[in-house]
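**Student:** Please work out how this folds:
(one chain, ligands or ions: 1)
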Amino acid sequence: MAIQKKHGKGRLDKWYKLAKEKGYRARAAFKLIQLNKKYGFLEKSKVVLDLCAAPGSWCQVAAETMPKDSIIIGVDLSPIKPIPKVITFQSDITTEKCRATIRTHLKTWKADCVLHDGAPNVGTAWVQDSFNQAELALHSLKLATEFLIEGGAFVTKVFRSKDYNSLLWVLKQLFTKVEATKPPSSRNVSAEIFVVCLGYKAPKKLDPRLLDPRTVFEDVADAAPNNEAKVYNPEIKKRKRDGYEEGDYTQYKEIAASEFIQTTDPIAILGQYNALTFKQATNGDVALAALDKLPETTEEIRTCCADLKVLGRKEFKLLLKWRLKVREIFGFPTKKSAKASLADEVAEVEPMDEEMRIQEELQRIADKEKGKKKRERRNANEAKTKEIMRMQMHMTAPMDIGMEQEGPRGEGEIFKLKAVDENGALRKIAKGKMVVIKEAEQKRSGFDSGIGSSGDTDDESDEDGDRLERELDGLYDQYQERKSAADAKYRAKKARKEHDDEEWEGVSADEKGNSDDESDLEMESGSDSENEDEMDVDEKPLISDLDGKGKGKEGLSKRANRFFENEVFADILGEIEEEEEGEEEEVQVLQDEEAAESSDDDIPSIEQQKKMRKEAAAAAKKEKDNTFEIVKRPKAEEQDSDSDWEAVEKKKKKDAKPDIDIVTAEAMTLAHQLARGEKTVHDVIDDGYNKYALKDRDGLPDWFLDDEKKHDKPHKPITKEAAQAIKEKLRAYNARPIKKVAEARARKKFKQAQKLEKLKKKADMLMGDEGLNEKEKASSISKLIAQANKKKRKAPVKVVKAAGANRGLQGRPKGVKGRYKMVDPRMKKEMRALKRVAKKKK
Ligand SMILES: C[S@@+](CC[C@H](N)C(=O)[O-])C[C@H]1O[C@@H](n2cnc3c(N)ncnc32)[C@H](O)[C@@H]1O
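**Tutor:** So this is what the prediction gives:
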């Protein structure tokens, strides 16, 4: 799927563009608009306090939504450019000075609404940031408690973090209604949410601890070193910016290899130390000496131990395996030995009485029988699935496999996909998602693929290796969880991945995947046949879909059909088809020539080949998403129709051209090449067949695939021209006047036209005046024109000295009307200095 990219100048999403069009200073304006639409707190307010208001988009929204002559006060650490009808000043909302300034502005008034959209500078550590944000929200609440009127509203931004619940609890003590919500314009990837609190209780007395961050939030504890990350992702090196640990001022640390064998936390050692040494200490370490002599301690192991900081994942794995082996030799408790000792313990248990023993034996036999039946059923299902696949590929006729007859478990049994629904796959497939039932899930549900030995006899694999693999996988999962908690970018990436379809694995792989999916689904349905009769076939539209005679429209596979049904391809495919029309005749001749051969089922027809190429082209496009995107703007009907600003989005392109926005240099390069004829559609299709597309990734562990993915994609060349074109495009976009400027220009034009019209009318009247002779008429008209051309003189700017009562004054000085300019001695000196410098330069 095409994903809109983040650009250097900010994320140019629809809210950004709309904000620009509507003249709002930030896209954040829409958050307040949407919150107000839901709760309607602004229309009722006469006084609003906007904390952390820069650049001022919330103030702009408040000014246009609130009743006339309302008071809006905006404060921020950063300066806020003046906004009509809004008082702004620069201050830190956590300080006493800020509180005092608000008081001077508000005088005896109370605020009907306090808004807070503050965010500390993000970037350091997620935990710390979210804590600061919660703290900032608490500070804003403190101000709200002082300035809010009883029944007033408080709106604050918070990040979902461990402090979130504490903050919510405090808010609930002070307001009658507290609701957390995320407006649609808030990015999904952002952890921010907004809490809208209505009905301030205005208690007479407030326990200061209720608003004290130290009591409300727990302290952020020092994060434990992430040794797993160091061991399982050693290639990603992080700079150490936190200095030395307390009491430890050395950078190089080594530890006896025997410690590594004995420890219960080998990962911690591998993550913290630089080397495992075999050097004997003065008092002698027998274990170390024995370890040194062991044949398992190979030269490779020694090299790895010598410098842990340069090791990769493979080497760490080697060391962990070596540790397990040595532990077994030394007789340390391992999971294996633990199992054995457990068995020993069981052996000591008192013998069961005869009846229980018989019962247990019966149970065992019944289980065995059940397992056997299950396996048989699965094998039969597998065979049937294969036959269906063969039939779909026109390799057999339905009669060959008795499809027309009722199977042993009823008619249409083979098409039931109940298990699909259990996995939520029905819903996913209906949405266009492709489903692979994971190996792990198969294992959980006792699924036996039939490849290799069945569960009962699976003792052949190396247990240690397997366990290590499992441990690695588990730790990798933990590492991923931690990373997603700490890294917003990573979370965003993951979210996009979850919303994306599976990666295309080339035509053959894709088809294989298809059959795998289907067979998986079939097998799953077969493996749980007990409840199948209960299923209502009519309720599952998917079944009729799969039942639909094997092929989808245009002879594509169902999976390909589902893929191409996505509207992103609606226009693109249309274009490809147009281009291919020219070749249609040529293909037709070829088709005629090979008509005889095409009847052969084993060889795909020209038509099929063409479709496959088309699939490959589209899939190649999809693959390009990794590196560049062609962002298709959302269709109007996809958006909520109730929002007024969304009406703008609904404007469709008047020309019939596809509404495609080329946003990356790679896409632009390709577009240039296509336009110049340096590349044809066929080249693009051919590019789709590359070593990356057809790679077999089955059965590889997640951590490996994740790591590979970074480089496992084709590198698209970009040209200087294309990069320049994209730059120009962005520049042109940013240079577009904002709505207000455009409106002002239009107003000016309109006024001039009106003036001209008036002038014409007057001139006509003069011309028609019979009491005047020609000379008088001419002079009157020229007078009129001269008058119209005369520019209105602007009232001179009044200079007001910032001294006495005007010192430090914010806003208009008393008794001054019209335009004015505040001057102070400092300014005078600076002006003079500037003039001096300018003179010298001459
Ligand atoms: C997301 S912006 C606010 C955007 C604003 N609501 C708008 O619509 O334009 C967050 C602001 O919080 C401000 N901020 C952060 N800490 C602050 C503090 N302690 N006091 C005042 N402002 C603060 C930042 O300077 C920043 O401008």
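**Student:** Just the element for residue 745, please.
**Tutor:** Element membership of residue 745 [criterion: DSSP states H and E] is helix 739-768.
**Student:** and that helix, what does it pack onto?
**Tutor:** When contacts are defined as 3 or more CB pairs under 8 Å, 6 or more residues apart in numbering; DSSP states H and E, helix 739-768 packs onto helix 774-789. Where C-beta positions appear, they are placed from N, C-alpha and C, glycine not excepted.
**Student:** Which secondary structure elements does the helix it packs on sit against?
**Tutor:** helix 739-768.
**Student:** ok and the helix it packs on relative to helix 774-789, angle-wise?
**Tutor:** 170 degrees (axes from the mean of the first three to the mean of the last three CA atoms, to 10 degrees).
**Student:** And the lengthiest helix in the chain, what's buried?
**Tutor:** Counting residues, the longest helix found in the chain (DSSP state H) is helix 354-392. For helix 354-392, a neighbour-count test (16 or more other CB atoms under 10 Å) marks 374, 377, 378, 381, 382, 384, 385, 387, 388, 389, 391, 392 as buried.
**Student:** Throw those residues into a markdown table and include pLDDT and distance to residue 144, thanks.
**Tutor:** Below are these laid out as a markdown table (pLDDT from 0 to 100; distance: CB to CB, whole Å):
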| residue | pLDDT | distance to residue 144 |
| --- | --- | --- |
| 374 | 88 | 64 |
| 377 | 88 | 66 |
| 378 | 87 | 64 |
| 381 | 85 | 64 |
| 382 | 85 | 66 |
| 384 | 79 | 68 |
| 385 | 77 | 64 |
| 387 | 76 | 71 |
| 388 | 73 | 66 |
| 389 | 72 | 66 |
| 391 | 67 | 70 |
| 392 | 63 | 66 |
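**Student:** Farthest-apart pair in the residues you listed, please.
**Tutor:** Across these, the longest distance by CB to CB is 26.4 Å; it joins 374 and 392.
**Student:** What is the neighbour count of the residue in the stretch 201-350 of the chain that the ligand sits nearest to?
**Tutor:** Of all residues in the stretch 201-350 of the chain, residue 213 sits closest to the ligand, at 12.7 Å by CB to the nearest ligand atom. Neighbours of residue 213 under the rule other CB atoms under 10 Å: 20.
**Student:** Within range of the ligand, give me the residues from this protein.
**Tutor:** When proximity is defined by CB under 6 Å from any ligand atom, the chain lies next to the ligand at 25-26, 28-29, 52-58, 76-78, 92-94, 117-120, 136.
**Student:** which stretches of the stretch 101-250 of the chain have low pLDDT?
**Tutor:** Low-confidence segments of the stretch 101-250 of the chain, defined by pLDDT under 70: 121-131, 218-250.
**Student:** Would you map the helices across it?
**Tutor:** 126-147, 164-174, 213-216, 227-232 (DSSP state H, counting those that start in this stretch).
**Student:** right, and those - which one's nearest residue 800?
**Tutor:** Nearest of those (CB to CB): helix 126-147, 30.6 Å.
**Student:** Could you pull up the contacting residues of residue 257?
**Tutor:** 276, 277, 278, 288, 291, 292, 297, 305 (CB atoms under 8 Å, 6 or more residues apart in numbering).
**Student:** Find the nearest non-adjacent residue to it, please.
**Tutor:** Spatially, and ignoring its direct neighbours in sequence, residue 257 is nearest to residue 276 (4.2 Å; CB to CB, 6 or more residues apart in numbering).
**Student:** what do you get for residue 278?
**Tutor:** residue 292 (4.8 Å).
**Student:** Name the SS class of the residue nearest to residue 257, please.
**Tutor:** Here residue 276 is recorded as strand under DSSP: H, G, I helix; E, B strand; the rest coil.
**Student:** And what about the closest residue to residue 153 other than its chain neighbours, helix, strand or coil?
**Tutor:** Excluding its sequence neighbours, the residue lying closest to residue 153 (CB to CB, 6+ apart) is residue 41, at 4.1 Å. Recorded secondary structure, residue 41: coil (three-state DSSP).
**Student:** how far away is residue 41 from the ligand?
**Tutor:** Remark: distance between residue 41 and the ligand (CB to the nearest ligand atom, to the nearest Å) = 15 Å.
**Student:** Output the below-cut-off pLDDT ranges for the stretch 451-600 of the chain.
**Tutor:** 451-465, 496-600.
**Student:** And the residue of it that's closest to the ligand?
**Tutor:** Nearest residue of the stretch 451-600 of the chain to the ligand: residue 488, at 14.8 Å (CB to the nearest ligand atom).
**Student:** Make sure that residue is actually in contact with residue 191.
**Tutor:** Yes. Judged on CB atoms under 8 Å, residue 488 makes contact with residue 191 at a distance of 6.9 Å.
**Student:** buried ones in the helix or strand encompassing residue 483?
**Tutor:** Using DSSP H and E, residue 483 sits in helix 463-486. The neighbour-count check on helix 463-486 (16+ other CB under 10 Å) flags 464, 468, 472, 475, 476, 479, 480, 483 as buried.
**Student:** The last one is in contact with residue 490, isn't it?
**Tutor:** Yes. Using CB under 8 Å, residue 483 and residue 490 qualify as a contacting pair, with a distance of 5.2 Å.
**Student:** and the residue nearest to residue 67 when sequence neighbours are not counted, what does it touch?
**Tutor:** Nearest residue to residue 67, sequence neighbours excluded (CB to CB, 6+ apart): residue 46, at 6.5 Å. Neighbouring residues of residue 46 by CB under 8 Å, 6+ apart: 66, 67, 70, 71, 112.
**Student:** Distance of residue 46 relative to residue 26?
**Tutor:** Using CB to CB, to the nearest Å, residue 46 is found at 25 Å from residue 26.
**Student:** Check residue 268 too.
**Tutor:** Per CB to CB, residue 268 is found 45 Å from residue 26.
**Student:** Show me what stretch 779-797 is in contact with.
**Tutor:** By CB under 8 Å, 6+ apart, the list of residues contacting stretch 779-797 reads 755, 759, 762, 763, 766, 767, 772, 818, 819, 820, 821.
**Student:** Give me the helices and strands touching the lengthiest strand in the chain, please.
**Tutor:** If you go by DSSP state E, the chain has its longest strand at strand 148-159. For strand 148-159, the elements it packs on are helix 29-39, strand 111-116, helix 126-147, helix 164-174, strand 192-200, judged by 3+ CB pairs under 8 Å, 6+ apart.
**Student:** Using CSV, write out the CA atom coordinates for it.
**Tutor:** Output of strand 148-159 as CSV, limited to C-alpha atoms (Å, rounded to 0.1, in the frame of the first residue of the first chain):
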residue,chain,number,x,y,z
LEU,A,148,-11.6,28.4,36.2
ILE,A,149,-15.2,29.4,37.0
GLU,A,150,-17.4,26.8,38.7
GLY,A,151,-18.8,24.6,36.0
GLY,A,152,-16.0,25.6,33.6
ALA,A,153,-14.2,23.3,31.2
PHE,A,154,-10.6,22.1,31.0
VAL,A,155,-9.1,20.5,28.0
THR,A,156,-5.6,19.0,28.2
LYS,A,157,-3.4,16.9,26.1
VAL,A,158,-1.8,13.9,27.7
PHE,A,159,0.4,11.1,26.5
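**Student:** which neighbours does that strand have in its sheet, and in what orientation?
**Tutor:** According to DSSP bridges, strand 148-159 has the following sheet partners: strand 111-116 (parallel), strand 192-200 (antiparallel).
**Student:** Excluding its own residues, what touches the shortest one? List them.
**Tutor:** If I follow you right, that is strand 111-116. 32, 41-42, 44-53, 58, 62, 136-137, 140-141, 143-144, 147-149, 152-157.
**Student:** Please look at residue 321 and residue 468 and confirm they touch.
**Tutor:** Yes. With contacts counted by CB under 8 Å, residue 321 reaches residue 468, the gap being 6.0 Å.
**Student:** anything in contact with each of these two?
**Tutor:** Contacts common to residue 321 and residue 468, judged by CB under 8 Å, 6+ apart, are absent.
**Student:** before we move on, the earlier item: the longest strand of the chain vs helix 126-147, what angle?
**Tutor:** 170 degrees.
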